[in-house]
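Student: no sequence for this one, just the structure:
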C-alpha cells in the first residue's frame, strides 16, 4: 500500500466557504472514461487534509471511485461568490468500518435522521485552487458586503432580520 504524501491543508478560508456553501459538486470518471458530476448536499471537512461527502444516493459515484479514485470537488459560497476546487484521491468508508462514525461524525450530524448515509466518501486533498467569480477581477474595490448585496439582488433574496 502506498503511503499518502502530505499535501495542502484546510485553512480557515476553506472552512468558512464549506460552512457557507449549500452544495458541492463531485466529479468522478467511470470505467469508460466518461465524466460524471453530481451535486452533494451533505459535506464537510475532516482534520486538516480531507473533504468528506455523504453517500446518500450516489451509487454511480461510489462505483466510479472504486475503479478510479481521483476526483474533483468544488464548492462555492454563492453570496460571497467564491469557493475552492479540490483535486484528490477518494476512498469509500462503509458503515461497518470503524472510521465511518469517526470520519463521518459531521456528516451524520448534518444528515440527522432524515438522510441515511450509506458510505462516507473521504477525499485526501492533493491540489487546491481558489474559485473567484469574475466580479472580483471586474470590480476589485467592492467590499464583501457589497458583493453579498449584489448577489441578494441578483437572486431575489431578502435577508432575514
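Tutor: Looks like it arrived, so ask away. Predicted, not measured: the structure shown is a model, and the values here were computed from it. Numbering: from 1, shown residues only.

Student: quick one: low-confidence residue ranges for this structure.
Tutor: Residue ranges of the chain with pLDDT under 70: 1-6.

Student: residue closest to the middle of it?
Tutor: Central residue of the chain (C-alpha atoms, centre = their mean): residue 24, 4.4 Å from the mean position.

Student: who's in contact with the top helix by length along the chain?
Tutor: Longest helix of the chain, by residue count under DSSP state H: helix 144-155. Applying C-beta atoms under 8 Å, 6 or more residues apart in numbering, the set of residues contacting helix 144-155 from outside is 78-81, 135, 142, 157-159. Backbone N, C-alpha and C define where each C-beta goes, glycine included.

Student: phi and psi next, for the residue nearest to the centre of the chain.
Tutor: Main-chain torsions, residue 24, degrees, to the nearest 10: phi -120, psi 160.

Student: returning to that earlier point: tell me the buried residues in the longest helix of the chain?
Tutor: By neighbour count with 16 or more other C-beta atoms under 10 Å, helix 144-155 contains the buried residues 147-148, 150-151.

Student: and the two most separated of the residues you listed?
Tutor: 148 and 150 (7.3 Å; C-beta to C-beta).
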